[in-house]
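Trainee: no letters, just coordinates:
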């Protein structure tokens, strides 16, 4: 939801965190976007990069 609100489209697969289609790198850590949580609180800058997987 946070990505969509920011105008970023993240590919999805299983929507349960098992397939890895939605993996992105956030501040240098790979997360599965479909099950990741954006922490609340004060706004901070995030660096988001799509994972490069030759199998997808």
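Mentor: Thanks, I have it. Not measured: the values here are computed from a predicted model.

Trainee: run through the bridge partners of residue 24.
Mentor: residue 31, residue 50 (DSSP bridges).

Trainee: surely it meets residue 31?
Mentor: Yes: assessed by CB atoms under 8 Å, residue 24 is found in contact with residue 31 at 6.3 Å. C-betas here are computed from N, CA, C, even on glycine.

Trainee: what lies in contact with stretch 18-34?
Mentor: For stretch 18-34, the external contacting residues (CB atoms under 8 Å, 6 or more residues apart in numbering) are 3, 10-17, 36, 46-51, 53, 56.

Trainee: that stretch spans what distance, first to last residue?
Mentor: One end of stretch 18-34 to the other measures 10 Å (CA to CA, to the nearest Å).

Trainee: roughly how far out does that stretch sit from the chain middle?
Mentor: 5 Å (CA atoms, centre = their mean, to the nearest Å).

Trainee: tell me which helix or strand in the protein has the weakest average pLDDT.
Mentor: Taking mean pLDDT, DSSP states H and E as the measure, strand 48-50 is the helix or strand of the chain with the lowest mean score, a mean of 73.

Trainee: quick check: closest non-adjacent residue to the residue most central in space within the chain.
Mentor: Centroid-nearest residue in the chain: residue 33, 3.2 Å away (criterion: CA atoms, centre = their mean). Closest residue to residue 33 apart from its sequence neighbours, by CB to CB, 6 or more residues apart in numbering: residue 22 at 4.2 Å.

Trainee: what bits of the protein have low per-residue confidence?
Mentor: Scanning the chain for pLDDT under 70 picks out the ranges 1, 41-44, 51-56.

Trainee: so which residues of it form strands?
Mentor: Per DSSP state E, the chain carries strands over the ranges 23-26, 29-32, 48-50.

Trainee: distance check, the residue nearest to the centre of the chain against residue 16.
Mentor: In this view, residue 33 and residue 16 are 12 Å apart by CB to CB, to the nearest Å.

Trainee: residue 2: neighbouring residues, count only.
Mentor: Taking other CB atoms under 10 Å as the neighbour definition, residue 2 ends up with a count of 13.

Trainee: check contacts around it.
Mentor: Going by CB under 8 Å, 6+ apart, the list of residues near residue 2 reads residue 38.
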